[in-house]
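Visitor: here is my input; please provide its structure:
(chains A and B)
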Amino acid sequence: MGRSSSFEKINYSLRPSKSIERKMIIPFLYKLTNFDELTNYHYIGFGSIYYIDFILFHKNLNIRRMSSIEYERNESRAKFNLPYKCIELFSGTSNDKLVTIMSNDAKYIVWLDYDSPISDFTLDDIQTFIAKSTSGSLLMITLNVNSDDKDELNSKFDELFEYRKTKLEEKITIKSKIPQINNFKELNLKNLHKVYRKIIINEIEETLIKKNKLQINRYKFKQIMNFRYSDGVQMQTFSFLIYQESDEEKYNMCKFDDLLTFRDNDEPYEIKSPHLTIDEIRKLNKILPLDTDQDISSVGIENTSFINAAKEYAEVYQYFPNFSESLY
Amino acid sequence: MGLSNFKIEITINKEYFLIEDNCGGIPVSIARDYAFKFGRPKDVIKPVGDVGQFGIGMKRTIFKVGNNVLVESKSKDSEFKLDLDIIKWTENPQNWSFDLDVISENQSHTLNETFTKVKIFNLHEPISESFSQENFIGKLKTEIQEAHAYNLAKGLNIFINTVKLVHHIPALKSNDEIKMLSKTLYLHKDTDKEIKVRIYAGLSNRELNDSGWYIYCNNRLLVSANKNMLTGWGADGERKYHHDYAFFKGYVFFESKNGDVLPWNTTKDGINFNSDVYQHILLIMQTEIKPILSLLKDLGIETTKYNKDPDNVERIIYNSFKNLLDDKNKINLTMSIPEQKIVIPNYKLPSTRKMGTITYSKPIEELQEIMKHLGVSKFCDVGLITYEYYKENEME
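Guide: Numbering: from 1, shown residues only, chains lettered A, B, ... in the order given. Coordinates of the predicted model:
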């Protein structure tokens, strides 16, 4: 959990893009079986009071060792809502709890699902993860990647650029950790995630150098995910796998790049969640998956916004959430 | 095993420097081939776990201090005497070793009988001057106390001009609620480069000057109360040292039979920051203490909140601290300590209400009228009571 509890602002289960992302992550995690049985993996996340990721990973992947970190002030609710016995709740911040939880020499899947932008706090957690992780451990970091905007709408570009630079320096207080930024476009909404990614990778590399001192069997890392989505706020999830050189073969066997959502660079996979009615969805499902030369417009509703939504749906339909009002 | 049976006595004055000990003596073979020879031949078996590396430290020191030296030593199986006039000795530039005066080998002495005595006299002028200053002696005491704190804590007796040196025992506070870190690891295990590293970190009484990291190599203190980048503060996204952390103390002991592999600098009075061994351990130091630093930061927040709103704020962290620090028991780090991870108490930071201030002016006649109505005698009560009235009657 980041600095504030986002569940107070939004109902987690009603974020369609987030929901798609979680399901798109599952095939990546499944491939970790090339390193070890998933029952030997330990999942650490910010379960909030909904534990959606925990439920999903337990049900679909049979991960049985799970730890959730949640603010002390939400402790009683977080405790009440624990869905399974195998989830242990830690009250506090990831900065102080992560090192305690990651002390069993297990393989870890850690999802630092912040709702905040990057900060010293993020780098502190990355350092802990790298220091404590074993070969085959996976780190996922979700950040708010919105650009900072000045209140005055008509501020000049160079003013806005300076403002955004200052804001970034407030978040990352050690200047040497901010990469060289030359063009104002680099801090725009479209590109800010690239700067964040660079900062994260630099931190991983710097910590790995220390971790690798005295190591004959050196650790390395590979980026395997880069998801970009928005449920109102622009978010991005970066994921990195840490493994030792001796496990190179296991990494190759994972074949992460077989997944259409695999991304190892700064061009993210963009998650779209189209707005469709239940009837439209039913109609579309009947022709999915599409044959290679098939056109989605063959469904027969002549409407541009529908066609666009249908195209997006064809990409994500297997991960698409089912929302409807339920009475209980 | 303690060291309380061992004694080192140093006498320093403007006439001479004398150091005597009962710590086993120097065997003749070591004296002849090693201690009193310039440089060290490669094939000599070095004393185990030692500090000296280059084989010129003691001799160079003697040369710097005075012109005459008298060395006497009795070890378990031998004894010797060396009476040297350095000016005479340097007259022969071919001569690179010292001649021992009295040598008896193949003897049998008990440990109690052994001793070493080194007396340097005919001091050089500036040295003699320093040796007669009280401040110099005082500084020497402090330096020896620091550098040999670990052995002093183990019971070694060191005297300077008959004054017994006191020791700072490396110690931490720990109980079931707030547990210190105790971690031992071996680098290059089972090789001739093996290093044993012990890391202890936790809390002790609040001492701004003494808090921070302490680092020892083969029990010699190299880094004391460090709070800067050398020990990971304010670097690598790590937290900058802040006075909230004044309760923190951490100790790292590097030990090896082979002094060459320890992460000290060439003069053996500091840490070699860039050495692989130190970098490796530094990451562990930085990572493992995070829970303690968070706790200390939150203690600071809790205290601030308490000071603002004492009726409303429960001091959970403070009370755990008080229990720990009031307890007179300390964990002496020279004793063996079981492996354990840092444990911090479960706490919730108190939530405080954000407060706003209202000030406004109203015509005095109106105010007096309302004061009468309400039966109060101060303007501010009018504000308070009308506010409360509105809140009670008009708010959901």
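
Visitor: so what pLDDT did the closest residue to B:F121 other than its chain neighbours get?
Guide: Of all residues not flanking B:F121 in the chain, B:Y16 sits nearest, at 4.0 Å (C-beta to C-beta, 6 or more residues apart in numbering or on different chains). C-betas here are computed from N, CA, C, even on glycine. Predicted confidence (pLDDT) for B:Y16: 95.

Visitor: go on, B:H280?
Guide: So B:H280 comes in at 93 (pLDDT).

Visitor: what packs against whichever strand or helix holds it?
Guide: Following DSSP states H and E, one finds B:H280 within helix B:276-288. Contacts defined by 3 or more C-beta pairs under 8 Å, 6 or more residues apart in numbering or on different chains; DSSP states H and E place helix B:276-288 against helix A:120-132, helix A:192-212, strand B:181-187, strand B:195-203, strand B:248-255.

Visitor: in CSV: those, plus mean neighbour count, distance to B:I317 and mean pLDDT.
Guide: Below are the helices and strands packed on helix B:276-288 laid out as CSV (neighbours: other C-beta atoms under 10 Å in any protein chain shown; distance: least, C-beta to C-beta, whole Å; pLDDT from 0 to 100):
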stretch, mean neighbour count, distance to B:I317, mean pLDDT
helix A:120-132, 24, 20, 94
helix A:192-212, 20, 29, 94
strand B:181-187, 18, 18, 94
strand B:195-203, 21, 11, 95
strand B:248-255, 22, 14, 94
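
Visitor: distance to A:A310 added to these, as a markdown table?
Guide: As requested, those are exported to a markdown table (distance: least, C-beta to C-beta, whole Å):
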| stretch | distance to A:A310 |
| --- | --- |
| helix A:120-132 | 38 |
| helix A:192-212 | 28 |
| strand B:181-187 | 58 |
| strand B:195-203 | 59 |
| strand B:248-255 | 60 |
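
Visitor: can you tell me which of these is nearest to A:S19?
Guide: Nearest to A:S19, of all the helices and strands packed on helix B:276-288, is helix A:192-212, at 20.6 Å by C-beta to C-beta.

Visitor: right, is that closest one up against chain B?
Guide: Yes. Using C-beta under 8 Å from any C-beta of the partner chain, helix A:192-212 reaches chain B at A:E203, A:E206, A:T207, A:I209, A:K210, A:K211.

Visitor: angle of that helix against helix A:120-132?
Guide: 40 degrees (axes from the mean of the first three to the mean of the last three C-alpha atoms, to 10 degrees).

Visitor: who's in contact with helix A:192-212?
Guide: A:117-118, A:122-123, A:126-127, A:130-131, A:141, A:143, A:145-147, A:168, A:172, A:177-179, A:181, A:186-187, A:218-221, A:223, A:226, A:228, A:236, A:238, A:240, A:266, A:268, B:236-237, B:279-280, B:282-283 (C-beta atoms under 8 Å, 6 or more residues apart in numbering or on different chains).

Visitor: quick one, what contacts A:Y51?
Guide: Applying C-beta under 8 Å, 6+ apart, the residues near A:Y51 are A:S68, A:N81, A:L82, A:P83, A:I87.

Visitor: a strand runs through the third one, doesn't it?
Guide: Read it as A:L82. No. Per DSSP: H, G, I helix; E, B strand; the rest coil, A:L82 lies outside any strand segment and is coil.

Visitor: quick check: it vs A:R263, distance?
Guide: 33 Å (C-beta to C-beta, to the nearest Å).

Visitor: okay, the two: which has more neighbours?
Guide: A:R263 (20 against 17; other C-beta atoms under 10 Å in any protein chain shown).

Visitor: please name the nearest non-neighbouring residue to the more buried one.
Guide: A:N226 (3.8 Å).

Visitor: wait, isn't that neighbour in contact with A:T237?
Guide: Yes. Under the criterion of C-beta atoms under 8 Å, A:N226 makes contact with A:T237 at 7.4 Å.

Visitor: who has more neighbours, those two?
Guide: Per other C-beta under 10 Å, whichever of A:N226 and A:T237 has more neighbours is A:T237, with 25 against 21.

Visitor: and the more buried one, that one's in a strand?
Guide: Yes. Looking at A:T237 with three-state DSSP, it is inside a strand.

Visitor: which residues sit against the worst-scoring helix or strand of chain B on mean pLDDT?
Guide: Ranked by mean pLDDT, DSSP states H and E, the weakest helix or strand in chain B is strand B:102-104, scoring a mean of 79. Applying C-beta under 8 Å, 6+ apart, the contact partners of strand B:102-104 are B:V28, B:S78, B:E79, B:F80, B:K81.

Visitor: and the residues you listed, which are buried?
Guide: For those, a burial check counting by 16 or more other C-beta atoms under 10 Å in any protein chain shown picks out B:V28, B:S78, B:E79, B:F80.

Visitor: please enumerate the helices of chain A.
Guide: With helices called from DSSP state H, chain A shows them at A:16-31, A:52-61, A:75-80, A:94-101, A:120-132, A:157-171, A:192-212, A:248-254, A:278-285, A:304-316.

Visitor: could the buried ones among the contacts of strand B:102-104 go into TSV alongside pLDDT, distance to B:I144 and secondary structure?
Guide: Below are the buried ones among the contacts of strand B:102-104 laid out as TSV (pLDDT from 0 to 100; distance: C-beta to C-beta, whole Å; DSSP: H, G, I helix; E, B strand; the rest coil):
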residue	pLDDT	distance to B:I144	secondary structure
B:V28	85	28	helix
B:S78	90	28	coil
B:E79	90	27	strand
B:F80	90	26	strand
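
Visitor: mind putting those into JSON lines with distance to B:Y214?
Guide: What follows is the buried ones among the contacts of strand B:102-104, written out as JSON lines (distance: C-beta to C-beta, whole Å):
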{"residue": "B:V28", "distance to B:Y214": "38"}
{"residue": "B:S78", "distance to B:Y214": "38"}
{"residue": "B:E79", "distance to B:Y214": "39"}
{"residue": "B:F80", "distance to B:Y214": "38"}
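
Visitor: show me what contacts B:I215?
Guide: So B:I215 contacts B:L221, B:L222, B:V223, B:N226, B:T231, B:Y251, B:V252, B:F254, B:I271 (C-beta under 8 Å, 6+ apart).

Visitor: could you redo the last one with a cut-off of 6 Å?
Guide: B:L222, B:V223, B:V252, B:I271 (C-beta atoms under 6 Å, 6 or more residues apart in numbering or on different chains).

Visitor: okay, now B:Y360: neighbour count?
Guide: B:Y360: 5 neighbours (other C-beta under 10 Å).

Visitor: just say helix, strand or coil for it.
Guide: Looking at B:Y360 with three-state DSSP, the answer is coil.

Visitor: what lies in contact with the helix or strand hosting B:I87?
Guide: For B:I87, the host element (DSSP H and E) is helix B:86-90. Applying C-beta under 6 Å, 6+ apart, the contact partners of helix B:86-90 are B:N67.

Visitor: from the contacts of strand B:102-104, pick out the ones that also neighbour chain A.
Guide: By C-beta under 6 Å from any C-beta of the partner chain, no member of the contacts of strand B:102-104 lies near chain A.

Visitor: from the residues you listed, which is closest to B:I160?
Guide: Out of the contacts of strand B:102-104, the member with the shortest distance to B:I160 (by C-beta to C-beta) is B:K81, at 24.8 Å.

Visitor: which residue packs closest to the closest one, ignoring adjacent ones?
Guide: The nearest residue in space to B:K81 (C-beta to C-beta, 6+ apart) is B:V102, at 4.2 Å.

Visitor: on that earlier part again, can you pick out the most distant pair from the buried ones among the contacts of strand B:102-104?
Guide: Every pair of the buried ones among the contacts of strand B:102-104 checked by C-beta to C-beta; the farthest is B:V28 and B:E79, at 7.5 Å.
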